[in-house]
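Asker: sequence first, then the predicted structure, then my questions.
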Amino acid sequence: MAATQVLAGFHAVIARMRQAPATIREVYVESQRRDKRMQTLLDQLGQAGVSVHPVGVERLDGLAGGARHQGVVAVADARKLANDLDEVLDGVEGPPLLLILDGITDPHNLGACLRTADAAGVHAVIAPRDRAAGLSTVAQRVACGAADSVPYLMVTNLARTMRELKDRDIWLIGTDDQATQTMHTVDATGPVAWVMGAEGEGMRRLTRETCDVLARIPMLGSVESLNVSVATGVCLFETVRQRQG
């Protein structure tokens, strides 16, 4: 039997309905919720022939494993994305755009980074196995469907993987608030991977040393740093701007 995954919340379920409705096995909805948003989803599920089970909130809480479900939980076949970096890169047309997350352990931040990565056209997100959030139900809900479209590759040795990327002529741009260059002065038009560290701690020493260049986000106000998902969006869309310009 194929592996399954739990999708919690309207965004995650609707995104799967758009991308691969045939993979949804059944949907559980809060029996007391009858608002327009729920009715619209029920209509879509009915048209797709998906089994719907009205249940109590306690059952939904159990299925969602503590994630905020908004009254909707789906059980679906796990979608197979590329699970190998070579497989990803061999299928890329044009200059690759990658995102490396070092030390991002909060599933909410991971989900937000995945959502931003999808919007910016990132080909894969890479993280170490030993210090990173996994694709939990919480991360998938926050990602709003991006976990089904952007490969999330967890590697045993991040520094070694980064060196392999360099062997493929991919420029590694690390983010550091002490860097002399800014994100606007770094050339991101070619094959690049943005390297983001955990908020507060930043990148680990070996990760920083393996980068080709360090860049900072210009900060004009009184705060010292941005949330990692916000910083990720700023850097990725600077690449989009440069490539389109």
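Answerer: Sure, I can see it. Predicted, not measured: the structure shown is a model, and the values here were computed from it.

Asker: domain ranges for the chain, per the record?
Answerer: By the record's domain assignment, the chain is partitioned as 4-77, 85-244 (automatic domain parsing).

Asker: just these: most buried one?
Answerer: The highest average neighbour count among those, using mean count of other CB atoms under 10 Å, belongs to domain 85-244 at a mean of 18. (Each C-beta comes from the backbone N, C-alpha and C, glycine too.)

Asker: to the chain's geometric centre, what's the distance from that one?
Answerer: Relative to the centre of its chain, domain 85-244 is centred 10 Å away, using CA atoms, centre = their mean, to the nearest Å.

Asker: give me the mean pLDDT for that domain.
Answerer: Confidence over domain 85-244 (mean pLDDT, whole number) is 92.

Asker: between the two ends of that domain, how far is it?
Answerer: Terminal residues of domain 85-244 are spaced 25 Å apart (CA to CA, to the nearest Å).

Asker: show me where this structure has its strands.
Answerer: 4-8, 24-30, 51-55, 72-77, 97-102, 124-128, 152-155, 171-175, 181-182, 192-197, 213-216 (DSSP state E).

Asker: would you format the ones you listed as JSON lines with distance to residue 15 included?
Answerer: Below are the strands of the chain laid out as JSON lines (distance: least, CB to CB, whole Å):
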{"stretch": "strand 4-8", "distance to residue 15": "8"}
{"stretch": "strand 24-30", "distance to residue 15": "11"}
{"stretch": "strand 51-55", "distance to residue 15": "18"}
{"stretch": "strand 72-77", "distance to residue 15": "11"}
{"stretch": "strand 97-102", "distance to residue 15": "19"}
{"stretch": "strand 124-128", "distance to residue 15": "17"}
{"stretch": "strand 152-155", "distance to residue 15": "15"}
{"stretch": "strand 171-175", "distance to residue 15": "28"}
{"stretch": "strand 181-182", "distance to residue 15": "34"}
{"stretch": "strand 192-197", "distance to residue 15": "24"}
{"stretch": "strand 213-216", "distance to residue 15": "32"}
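
Asker: nothing else from me, thank you.
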